[in-house]
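> Any chance you can model this:
(chains A and B)
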Number of protein chains: 2
Amino acid sequence: MERMQNKSQNITLQEACAFLREREDFVVLCHASPDGDTIGSAAGLCLLLRALGKRAFLRCGDPIPQKYAYIYKGLTQPDCTPKTVVASDVADPKLLGSLREAYPDIDLCIDHHKSNTRYAHRLYLDAEASAVCEITYQIAREMGVVPGRQMADALFTGISTDTGCFKFSNVTARTHRIAADLLEMGADAAEINRIMFDTKTRQRVEIERMALDSMQFYHEGRIAMVTITKAMREASRCAEEDLEGITTLSRTIEGVVVGITVREKEAGRYKISVRTLEPVDASRLCGELGGGGHARAAGCELQGSLEEVQDTLAQTAGRYLAEAGM
Amino acid sequence: MERMQNKSQNITLQEACAFLREREDFVVLCHASPDGDTIGSAAGLCLLLRALGKRAFLRCGDPIPQKYAYIYKGLTQPDCTPKTVVASDVADPKLLGSLREAYPDIDLCIDHHKSNTRYAHRLYLDAEASAVCEITYQIAREMGVVPGRQMADALFTGISTDTGCFKFSNVTARTHRIAADLLEMGADAAEINRIMFDTKTRQRVEIERMALDSMQFYHEGRIAMVTITKAMREASRCAEEDLEGITTLSRTIEGVVVGITVREKEAGRYKISVRTLEPVDASRLCGELGGGGHARAAGCELQGSLEEVQDTLAQTAGRYLAEAGM
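Numbers count the residues shown, from 1 in each chain, chains lettered A, B, ... in the order given. From the prediction side, this is the model:
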């Protein structure tokens, strides 16, 4: 309860560097269901600390997918009894998953989520950074450490994965300039991008095929709805991670303004994801159905028969389009 | 015939700038089947010349897809009787398509293809450039022209499309640094990337679905083969441009080393595209079947029944995998 009142002290980049320089023996924590940015930034920080002659290793509450092995190799085996706990790309202690109880006190959190719940003793937050790896790179530069090959690969991976390979609106001029530096430092960008963006599991291909088969259009093609039932998931033998990003499938079709993905959680209960283009507000649309989110990406849960759920969604989305004069 | 003997004079960036400064009244030619780089670089050059107080417009032998309208708006209407002819991103005069006869004499060619056939009077070739738009940006900088919004959008589009949104191995540190500059000059990068990379026609989605349905695996999943018949193309009502990039589909599946796409041209005649990962040499594989290409991407034509063609391909690719110990 004390932690709830003692909100984080906001610190500057220079203060974060001074803190890292003063302390010894680090463990750097990633968020559960790890992605390229939490792994890349934690690994990058460990390598940076080791370059300064310190001991540091990383931990994650979930197994780290094998495809990130080139980033974390040599860094997951504890090399010390940690005296300093850092969390990298962890917006809320809940996201530490199974590590949460083992680390109730986080000395420093490095993050780029505006929604950070300010749970750590110190917080360095840069909400303009496309990825925490952008911040880690700046820390390295500030501390005079030139990334070697593994660190360049690690930081490039986080930036590339958190920006959809430089595709999203979170990319700034700084993002591209840091990417340029990392290429010069030896990051194997093309191979990393191939692994992260051009490799699909057969299960993923199978569920995508089924998702496309299921697609229905409404409102003169301005609404596209994909349905993924439990039976489809079982038939394709796809894991949760194979479904990553599948919610963007419907919205990418030319002319579609509202893309809806209906996922059956259990009989009669559905998780809905809504992706929209301007001017339709996904957050308002889902809010009306008991959910919420952002203007372009939101979600909710609905109960009923599949047909009822699809009808409700098509009608609600249709009303928003009609209100927008479409 | 004279042109065949009088090969281009290779000029430097500075000489290209001097040439552009000296001349007046330009037409800038794009290649047929235009893409983002030929349109973007030609439009960028027209805007640059107009910023210098000159007259310039662009021409393409084929209709330019509507999705590029924000690039070429105001630039396709002739504003002069051209005295200077420039070709942008045109490696061979054949690629001018229907414009070839109208422009037998090209004063300057700006290109990044090593394979340029040196048909123009002057050639500025930078084979290190990921896109001709990278070169056009450098010309603008050399000539002291700061790109405005339309020019920044045009140049960003060419760079983004020719690199698969910064994904391919042709991206260098310079590519990222130029992208950073263009973002600062107002390029609407996220929206451009959405249009170019996150928008598929319904016909494309349909043919992709069919292509996935057709996929067959051989050699323990290391060979994936997609077949696109004429009947599938007709059923999906897809145009030639809807098939762009479909040849990468098979190779992106985890574990696949040789991705093969078989496209029926007419009864009994098939166009084959082969995409490989190391160590399989696609160029040698296709060369053996009467075609050719690059180490990772090559093609050939085969005749026979579909089953015969598929068998030949699976067996040949299987042999290459076996030779590589896979």
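> If I look at A:Pro63, what pLDDT would I see?
With respect to pLDDT, A:Pro63 scores 95.
> which residues touch the helix or strand where A:Cys109 lies?
Using DSSP states H and E, A:Cys109 sits in strand A:108-111. For strand A:108-111, the external contacting residues (C-beta atoms under 8 Å, 6 or more residues apart in numbering or on different chains) are A:8, A:11, A:16, A:19-20, A:41, A:45, A:84-91, A:116, A:119-125, A:132, A:135-136, A:139. The way it works is simple: take the backbone N, C-alpha and C, and place the C-beta from them, glycine included.
> Off-centre distance for the helix or strand following it?
Downstream of strand A:108-111, the next assigned helix or strand under DSSP H and E is strand A:122-125. Strand A:122-125 sits 19 Å away from the centroid of its parent chain (C-alpha atoms, centre = their mean, to the nearest Å).
> cool, and stretch A:264-271?
With C-alpha atoms, centre = their mean as the basis, stretch A:264-271 stands 24 Å off its chain's centre.
> gap between A:Tyr119 and chain B?
31 Å (C-beta to the nearest C-beta, to the nearest Å).
> and that residue, how many residues sit next to it?
22 (other C-beta atoms under 10 Å in any protein chain shown).
> One more: A:Val146?
11.
> How about it, nearest residue that isn't a chain neighbour?
Closest residue to A:Val146 apart from its sequence neighbours, by C-beta to C-beta, 6 or more residues apart in numbering or on different chains: A:Met185 at 6.9 Å.
> do A:Thr81 as well
Leaving out its chain neighbours, the residue that sits closest to A:Thr81 by C-beta to C-beta, 6+ apart is A:Asp25, at 6.7 Å.
> Can you check what pLDDT the model gives the one you found?
pLDDT for A:Asp25: 98.
> related to what we said a few turns ago, show me the contacts of strand A:108-111 that map onto helices.
A:Ala16, A:Phe19, A:Leu20, A:Ser41, A:Leu45, A:Val132, A:Ile135, A:Thr136, A:Ile139 (DSSP state H).
> can I get the residues you listed in CSV with distance to A:Gln150 and neighbour count?
As requested, those are exported to CSV (distance: C-beta to C-beta, whole Å; neighbours: other C-beta atoms under 10 Å in any protein chain shown):
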residue, distance to A:Gln150, neighbour count
A:Ala16, 22, 22
A:Phe19, 24, 17
A:Leu20, 19, 22
A:Ser41, 13, 34
A:Leu45, 13, 29
A:Val132, 17, 28
A:Ile135, 18, 28
A:Thr136, 13, 30
A:Ile139, 16, 20
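> Reformat those into a markdown table and put pLDDT and distance to A:Asp111 next to each item.
Listed next are those as a markdown table, based on pLDDT from 0 to 100; distance: C-beta to C-beta, whole Å:
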| residue | pLDDT | distance to A:Asp111 |
| --- | --- | --- |
| A:Ala16 | 98 | 11 |
| A:Phe19 | 98 | 15 |
| A:Leu20 | 98 | 15 |
| A:Ser41 | 98 | 9 |
| A:Leu45 | 98 | 12 |
| A:Val132 | 98 | 6 |
| A:Ile135 | 98 | 8 |
| A:Thr136 | 98 | 11 |
| A:Ile139 | 98 | 13 |
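> Would you map the helices across the stretch 51-200 of chain A?
Secondary structure of the stretch 51-200 of chain A by DSSP state H, counting those that start in this stretch: the helices cover A:69-72, A:132-142, A:149-162, A:173-184, A:189-197.
> Could you give me the buried positions within the shortest one?
Which is helix A:69-72. For helix A:69-72, the neighbour count (16 or more other C-beta atoms under 10 Å in any protein chain shown) marks A:Tyr70, A:Ile71, A:Tyr72 as buried.
> quick one: contacts of it?
Counting by C-beta under 8 Å, 6+ apart, A:Gly36, A:Ile39, A:Gly40, A:Ala43, A:Leu58, A:Ile64, A:Gln150, A:Asp153, A:Ala154, A:Thr157 sit against helix A:69-72.
> can you do 10 Å?
For helix A:69-72, the external contacting residues (C-beta atoms under 10 Å, 6 or more residues apart in numbering or on different chains) are A:30, A:34, A:36, A:39-44, A:46-47, A:57-58, A:60, A:64, A:76, A:149-151, A:153-158, A:188, A:191-192, A:195.
> pull the CA atoms of that helix into PDB?
Only the C-alpha atoms of helix A:69-72 are listed here, as PDB (Å, rounded to 0.1, in the frame of the first residue of the first chain):
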ATOM      1  CA  ALA A  69      18.000 -16.000 -29.300                       C
ATOM      2  CA  TYR A  70      20.500 -13.800 -31.100                       C
ATOM      3  CA  ILE A  71      19.500 -11.000 -28.800                       C
ATOM      4  CA  TYR A  72      19.500 -12.700 -25.400                       C
END
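> coming back round to it: sheet partners, orientation included, of the strand holding A:Cys109?
Its sheet considered, strand A:108-111 pairs with strand A:84-88 (parallel), strand A:122-125 (parallel) by DSSP bridges.
> CA atoms of that strand as PDB?
Taking Å, rounded to 0.1, in the frame of the first residue of the first chain, the C-alpha atoms of strand A:108-111 are listed here in PDB:
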ATOM      1  CA  LEU A 108      14.300   2.100 -12.000                       C
ATOM      2  CA  CYS A 109      11.800   1.700 -14.700                       C
ATOM      3  CA  ILE A 110      12.700   2.800 -18.300                       C
ATOM      4  CA  ASP A 111       9.600   3.100 -20.400                       C
END
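> residue contacts, A:Ile64?
Contact partners of A:Ile64, counting by C-beta under 10 Å, 6+ apart, are A:Cys30, A:Pro34, A:Thr38, A:Ile39, A:Ala42, A:Ala43, A:Leu58, A:Ile71, A:Tyr72, A:Thr76.
> let's see 8 Å
For A:Ile64, the contact set (C-beta under 8 Å, 6+ apart) comprises A:Cys30, A:Pro34, A:Ile39, A:Tyr72, A:Thr76.
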